[in-house]
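In: quick one, fold the following:
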Amino acid sequence: MMGASAATLMIALAGCATNGTMTTGSLGRRAAPRVSQMTPSQLADAERRIGALYDQKPDDRRIGMSYATILRMTGDNDQALAVMRQMAIKFPNDREVLAAYGKAQAAAGQLEQALSTIERAQTPDRPDWRLLSARGAILDQLGRTDEARNAYRKALDIRPNEASTLSNLGMSYVLTGDLQTAESYLRKAAAQPDADTRVRQNLALVVGLQGRFKEAERLATEDLPKEQAEANMAYLEKVLSQQNSWKKLSASNKDGGKTG
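Out: Down below sits the predicted model:
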């Protein structure tokens with residue numbers, strides 16, 4: 001029952017594994033935060049700005065990849081896929097382009113094609129931890145759990161304690177209903193200096209699924225600007241409501257009760 005929504009979260013994290021550290025400040029005159037830390041209004045502004053640049057320079061690899069990243073962050077997966085398809089045609093041997101194309105395919109639901117693209121981008125003699133983590137996320141969506149976790153662990157061998165990979169591994173355990181193990185990995189991910197707001201979102205989700213509503217709310221909102229905190233709460237409510245959990249948890253906490 002929790003598989004569909006958790007799988008959606010998984011692919012979101014796979015999406016940030018390679019491009020999460022990209023900033024859009026280099027594409028304009030204003031400095032900008034990391035894409036993964038932008039508020040909804042900042043994302044909307046970035047989509048307009050970078051979209052205009054893409055219209056002017058559709059053959060620019062850097063602009064095209066940045067635009068596709070923003071589009072995926074705002075939920076426009078079909079357009080992101082269209083942009084990355086064009087980039088892959090123009091740069092068929094570019095490893096980074098292929099990786100981004102694979103993630104766009106996965107976000108658009110083309111999982112088998114995404115897996116093929118990611119594997120084509122990988123080089124066995126010098127494996128990239130980002131591609132391994134993205135591969136794991138796709139395998140999890142395909143139900144190939146053991147292979148997925150093996151890919152995450154290989155990624156962690158190359159880049160120990162990397163937050164997005166730890167978070168993906170934690171979400172893998174959400175898919176199989178092992179919430180305690182999931183929480184242990186997500187807490188470790190959230191403690192890393194490179195953790196972004198989506199790691200905390202996923203930790204809040206797992207805590208909420210275990211019935212600890214107040215703690216989930218705190219994790220989703222603490223130390224964040226108001227707009228980002230509100231976006232996190234909307235995200236948390238939406239996902240938990242899909243599990244028929246949010247109203248039950250909220251009512252129970254208001255009554256002073258506890259769900260198990």
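In: for stretch 135-145, buried residues please.
Out: 135-142 (16 or more other C-beta atoms under 10 Å). From N, CA and C alone the C-beta is placed, and that goes for glycine too.
In: and stretch 220-232, by the same measure?
Out: 220-221, 224, 228-229, 231-232.
In: those residues in helices, which ones?
Out: Among these, DSSP state H puts 220-221, 228-229, 231-232 in helices.
In: re earlier: just the buried residues of stretch 135-145: which are in strands?
Out: Counting by DSSP state E, those place none of their members in strands.
In: need those in a markdown table with distance to Gly109, can you?
Out: What follows is the buried residues of stretch 135-145, written out as a markdown table (distance: C-beta to C-beta, whole Å):
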| residue | distance to Gly109 |
| --- | --- |
| Arg135 | 17 |
| Gly136 | 18 |
| Ala137 | 13 |
| Ile138 | 11 |
| Leu139 | 15 |
| Asp140 | 14 |
| Gln141 | 9 |
| Leu142 | 12 |
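In: now, these that are in helices?
Out: Among the buried residues of stretch 135-145, the ones falling in helices (DSSP H) are 135-141.
In: next, give me the two most distant ones among the residues you listed.
Out: Maximum pairwise distance in those, criterion C-beta to C-beta, is 11.0 Å, between Arg135 and Gln141.
In: mind listing the strands for the stretch 51-200 of the chain?
Out: Taking DSSP state E, counting those that start in this stretch as the test, none of the stretch 51-200 of the chain falls into strands.
In: list the contacts for Met84?
Out: 64-65, 68, 97, 100-101, 104-105 (C-beta atoms under 8 Å, 6 or more residues apart in numbering).
In: coming back round to it: out of the buried residues of stretch 135-145, who's nearest Arg153?
Out: For those, the nearest to Arg153 is Gly136 (8.7 Å; C-beta to C-beta).
In: run a quick neighbour tally on the nearest residue to the closest one once chain neighbours are set aside.
Out: In this structure, Gly136 finds its nearest non-sequential neighbour in Ala151, 3.6 Å apart by C-beta to C-beta, 6 or more residues apart in numbering. For Ala151, the neighbour count with other C-beta atoms under 10 Å is 28.
In: could you do Leu209 as well?
Out: As a burial measure, Leu209 scores 22 neighbours (other C-beta under 10 Å).
In: okay but it is in contact with Val174, surely?
Out: Yes. If you go by C-beta atoms under 8 Å, Leu209 and Val174 touch, sitting 7.5 Å apart.
In: low-confidence stretches in this protein?
Out: Scanning the chain for pLDDT under 70 picks out 1-37, 243-260.
In: residues contacting Lys188?
Out: 161, 166.
In: quick check: it vs Glu162, distance?
Out: According to C-beta to C-beta, to the nearest Å, Lys188 stands 11 Å off from Glu162.
In: repeat that for Lys226.
Out: Taken as C-beta to C-beta, the span from Lys226 to Glu162 is 30 Å.
In: Ala52 too?
Out: According to C-beta to C-beta, Ala52 and Glu162 sit 34 Å apart.
In: more neighbours, the two?
Out: Shown here are Ala52 and Glu162; by other C-beta under 10 Å, Glu162 has more neighbours (21 against 12).
In: still on that earlier bit, output the contacts of Met84 in JSON lines, with distance to Arg85 and neighbour count appended to each entry.
Out: JSON lines is the format used below for those (distance: C-beta to C-beta, whole Å; neighbours: other C-beta atoms under 10 Å):
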{"residue": "Gly64", "distance to Arg85": "10", "neighbour count": "24"}
{"residue": "Met65", "distance to Arg85": "12", "neighbour count": "24"}
{"residue": "Ala68", "distance to Arg85": "10", "neighbour count": "31"}
{"residue": "Val97", "distance to Arg85": "11", "neighbour count": "22"}
{"residue": "Ala100", "distance to Arg85": "11", "neighbour count": "29"}
{"residue": "Tyr101", "distance to Arg85": "7", "neighbour count": "30"}
{"residue": "Ala104", "distance to Arg85": "8", "neighbour count": "29"}
{"residue": "Gln105", "distance to Arg85": "9", "neighbour count": "25"}
